[in-house]
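Undergrad: All I have is the shape, not the residue letters:
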Ligand SMILES: CC(=O)N[C@H](C=O)[C@@H](O)[C@H](O)[C@H](O)COP(=O)(O)O
C-alpha cells in the first residue's frame with residue numbers, strides 16, 4: 001500500500017482524453033501516464049475503468065481513478081457504485097464529486113465516502129468547488145481535498161490560472177487534510193505558486209497531456 005505522505009510537494013499528472021477524441025484509448029492513456037512518470041510525476045490521475053486498469057499495469061506510482069458520467073452537475077464519480085467500480089479497477093485513490101450538491105443515488109457524501117472505506121482499501125479525494133464544500137467534505141470523512149471543481153460549480157469565479165486565493169483560504173482554515181491543487185495550472189511557475197499557497201501537491205492535466213488544447217494556445221497566439 002502506498003503512503004500518501006510520499007506525494008507531499010509532488011506533481012501528479014492527469015491523463016484524460018474526452019469522448020470522441022483520437023487519444024481516447026486506454027492503451028494511449030497508459031502510454032501518456034508512463035511518459036508522465038518518466039518525466040517525474042509521482043502519481044497519475046485517470047478517467048474511466050479501462051484507463052484505470054491500463055494505468056495500473058503500466059506504472060508503479062499511485063493511480064487516482066475517477067469515472068466521469070455525463071458532463072453537467074454531479075458527474076465526477078457521481079455515485080457509490082461508480083466509486084467502488086473505480087476502486088475495483090485498481091485505483092489507490094478514488095476521486096469523486098465532493099460538492100454539497102445532491103447525488104444521483106440519493107446518498108450523502110458521508111455515506112458515499114464511508115461506503116468506499118468499508119468496501120475497499122482506496123482513499124477518497126473529494127473534488128471541491130468552494131470552501132464550504134471543502135469543510136463539508138472534511139467532515140464527511142474525505143482523505144484528500146481537491147480544488148478540482150473551483151470555477152465549475154458557480155460558487156467561485158473561474159480564474160484563468162489556478163485559484164490561488166482558494167488555496168490560501170483553505171490553508172488558513174487548516175482542515176487537517178492534504179489539499180491538492182487541481183485546475184488550470186498551465187505553467188511550472190503556477191505549480192510552484194500553488195505549493196507556496198499551501199497545496200500539499202499539484203495536479204496538472206491539460207497543460208501536459210492534452211495536445212489539442214496546447215496546440216490551440218500556440219495557434220491562437222499566432223493569429224493577428
Ligand atoms: C472540471 C473537470 O471536469 N476536471 C476534470 C477532472 O478530472 C479534468 O477534465 C481536468 O483536466 C483535471 O481536473 C485537471 O485540470 P486541468 O486540465 O485544468 O489541469
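TA: The structure has been received and is ready for your questions. No experiment lies behind these values; they were computed from the predicted model shown. Residues are numbered from 1 along each chain as shown.

Undergrad: Return the distance of the host helix or strand of residue 168 from the chain's centre.
TA: Element membership for residue 168 (DSSP states H and E) is helix 164-173. Between the centre of helix 164-173 and the centre of its chain there are 18 Å (CA atoms, centre = their mean, to the nearest Å).

Undergrad: What pLDDT is listed against residue 64?
TA: Note on residue 64: pLDDT of 99.

Undergrad: That one pairs with what?
TA: Judged by DSSP bridges, the bridge partners of residue 64 are residue 45, residue 93.

Undergrad: Which residues of this protein lie near the ligand?
TA: For the chain, the contact set with the ligand under CB under 6 Å from any ligand atom comprises 14, 16, 66, 148-149, 152, 182-185, 203-207. C-beta coordinates here come from the backbone N, C-alpha and C atoms, glycine included.

Undergrad: and the helix holding residue 168, what does it pack onto?
TA: Counting contacts by 3 or more CB pairs under 8 Å, 6 or more residues apart in numbering; DSSP states H and E, helix 164-173 is packed against helix 131-139, strand 179-182, helix 188-196.

Undergrad: Can you tell me what sits against the last one?
TA: Residues from elsewhere that reach helix 188-196, judged by CB atoms under 8 Å, 6 or more residues apart in numbering: 9, 11, 161, 162, 164, 167, 181, 185, 201, 202, 204.

Undergrad: model confidence over it, on average?
TA: Here the average pLDDT along helix 188-196 is 98.

Undergrad: what angle sits between that helix and helix 164-173?
TA: If you take axes from the mean of the first three to the mean of the last three CA atoms, to 10 degrees, helix 188-196 sits at 20 degrees to helix 164-173.
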